[in-house]
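>>> structure for this input, please:
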Amino acid sequence: MIKLSLFKPTGHLTLGNHLGALRPMVAGQSEGRGFYGIADLHALTVPHDPATLRSLSVEMARLLISVGLDQSTLFVQSRVPAHSELSFLLESTVHTGELNRMIQFKEKGRDQPSTRASLYTYPALMAADILLYRPEQVPVGDDQRQHVELTRDLALRFNRLYGEVFTVPEIVTPPSGARVMDLQDPTTKMGKSHADGAGIVYLLDPPDVIRRKIARAVTDSEVGATAVRPDRDAKPGVTNLLDILVACGGSTDGITTYGALKAAVTDAVVAELEPIQKRYADLDDASVSAEFEAGAERCRHVTAPVLAAARTAMGLS
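Modelled structure (predicted):
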């Protein structure tokens, strides 16, 4: 079964990305069936600095190899022209009413004079990303479910109007990886694009930075509370640290104080990230470029017949 996921280079990859998504992907790899990309075109939907985008894309490419995804096909989205071309064909299939209802556009762009048109049509590009690879299933979290539902609607509509071209993917709930929350605000996810990185452990943070961030992690706002126990509602900070500890292979046995908990979490996180950081440092630019160029070439080969079928069906060839 085809496995497909793209990562937007709008920030540095985090411990949350690793434990919640990347590590399960590595564990579920099957030779030749996984396609994992850097969605640099998606990053153009909001104001950005070109040099930063380029730098983050390079860093992300090295990290995807470093975490162990090199048994899959790795690629940069913009290096596979079919993504852009099919996106326009799907823009010619989607209705403005559907795009108006997209939560991301409502929250980030509606009624803002500087909103980019690409943010409005972004769901068509995401649909193209999926449909080009004809996956039978698309694992999706709640934050992207609406986009994948629209992808299904567009595939069904296109097939009805122009003939059977696209596989209509089934939406499935992915196996739950570790749920890692922000160390400073344990009620929100640890996100790579947050402006303030104080509560975020990045995959390339050195051990002393990791130690400092975890030492300053929020534990408990309950007056006089010192018990080290999981309670998502009453003790979200402590619960988050316990979750991270277990996810990184540590043990909660014998931990009775917050200081001991933070020390154990620090050791476990540093040990989890050490081999990733070592491999990252050992990689050379030429090997990374070769890996991603080979992946893009394979993607161009895989997506060409799908795009050609869509073009023919719409009367373009």
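>>> CA only for contacts and neighbour counts going forward, please
OK.
>>> low-scoring stretches of the stretch 101-250 of the chain, by residue?
Counting by pLDDT under 70, the stretch 101-250 of the chain has low-confidence residues at 109, 174-177, 193-195, 221-226.
>>> please redo it, this time with the cut-off set to 50
The stretch 101-250 of the chain contains no residues with pLDDT under 50.
>>> show me where it has its strands.
All strands of the stretch 101-250 of the chain, identified by DSSP state E, counting those that start in this stretch, fall at 137-139, 170-172.
>>> what packs against the first one?
Counting by 3 or more Cα pairs under 8 Å, 6 or more residues apart in numbering; DSSP states H and E, the packing neighbours recorded for strand 137-139 are strand 170-172.
>>> hmm, who's touching the strand it packs on?
136-140, 145, 148-149, 152 (Cα atoms under 8 Å, 6 or more residues apart in numbering).
>>> would you mark the buried spots in it?
Ile171 (16 or more other Cα atoms under 10 Å).
>>> now do that strand: distance to the chain's middle.
Taking Cα atoms, centre = their mean, to the nearest Å, the mean C-alpha location of strand 170-172 is offset from the chain mean by 17 Å.
>>> domain parsing for the protein?
Under automatic domain parsing, the residue ranges defining each domain of the chain are 3-177+284-313, 207-280.
>>> show me which residues of stretch 268-280 are buried.
Buried positions in stretch 268-280, judged by neighbour count with 16+ other Cα under 10 Å: 268-270, 272-274, 276-277, 279-280.
>>> grab the nearest non-local neighbour of Thr167.
Spatial nearest neighbour of Thr167, chain neighbours left out: Arg134 (5.2 Å); criterion: Cα to Cα, 6 or more residues apart in numbering.
>>> just checking, that neighbour touches Ala155?
No - using Cα atoms under 8 Å, Arg134 is not in contact with Ala155; the gap is 10.4 Å.
>>> more crowded one of these two?
Shown here are Arg134 and Ala155; by other Cα atoms under 10 Å, Ala155 has more neighbours (23 against 19).
>>> and the more buried one, what does it touch?
Counting by Cα under 8 Å, 6+ apart, Ala155 has contacts 131, 166-168.
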